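>>> I'll drop the sequence and a predicted model, then ask my questions.
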Amino acid sequence: MVRTVISLDEETKSWLDKKATEEGVPMTELVRRALRLYREASAASEPPDEQLLRATRGLWKRGDGLDYQRKIRGEW
């Protein structure tokens with residue numbers, strides 16, 4: 001693991017110390033967890049529906065999808 005020095009304001013440092021004590025883990029572990037969550041959230045910042053649209057774009061090969069949708073709904 002690589003060592004890094006960060007500067008925190010007193011209020012944040014006190015909160016972090018208290019939280020680490022409550023959870024029974026070192027302060028460094030809380031910082032690692034927070035950074036991991038932040039990275040995951042940043043990676044998933046694109047809305048899920050946009051990801052789905054990108055992943056499925058071009059799959060329908062039978063002509064106009066809206067025409068097909070209207071046709072099958074008309075059969076209900």
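Looks like it arrived, so ask away. Residues are numbered from 1 along each chain as shown.
>>> Show me what the longest helix anywhere in the chain is in contact with.
With secondary structure taken from DSSP state H, the chain has its longest helix at helix 27-43. Here helix 27-43 makes contact (CB atoms under 8 Å, 6 or more residues apart in numbering) with I6, L16, D17, K19, A20, E23. C-betas here are computed from N, CA, C, even on glycine.
>>> where's the residue most central in space within the chain relative to A55, distance?
The chain has A41 as the residue nearest its centroid, 3.0 Å off, counting by CA atoms, centre = their mean. Relative to A55, A41 is positioned 20 Å away (CB to CB, to the nearest Å).
>>> Repeat that for G74.
From G74 to A55 the distance is 29 Å (CB to CB).
>>> Now do the helices in this structure.
10-23, 27-43, 48-56, 65-74.
>>> Give the rounded mean pLDDT of the second one.
Read it as helix 27-43. Average pLDDT, helix 27-43: 92.
>>> again with stretch 67-76
91.
>>> Not counting its own residues, what contacts that stretch?
So stretch 67-76 is contacted by W60, R62 (CB under 8 Å, 6+ apart).
>>> Please state the offset of that stretch from the chain centre?
Chain-centre distance of stretch 67-76: 36 Å, with CA atoms, centre = their mean, to the nearest Å.
>>> ok, now stretch 5-14?
Going by CA atoms, centre = their mean, where stretch 5-14 is centred and where its chain is centred differ by 26 Å.
>>> For it, list every residue counted as buried.
Going by neighbour count (16 or more other CB atoms under 10 Å), nothing in stretch 5-14 comes out as buried.
>>> any idea how far S7 is from E22?
The gap separating E22 from S7 is 23 Å, by CB to CB.
>>> next one: G65
55 Å.
>>> Same question for R54.
Applying CB to CB to R54 and S7 gives a distance of 39 Å.
>>> again, but for D64
On the measure of CB to CB, D64 and S7 end up 59 Å apart.
>>> now swap in K18 and tell me
19 Å.
>>> check contacts around I6.
By CB under 8 Å, 6+ apart, the neighbours of I6 are V31.
>>> That's all I had, so thanks and see you.
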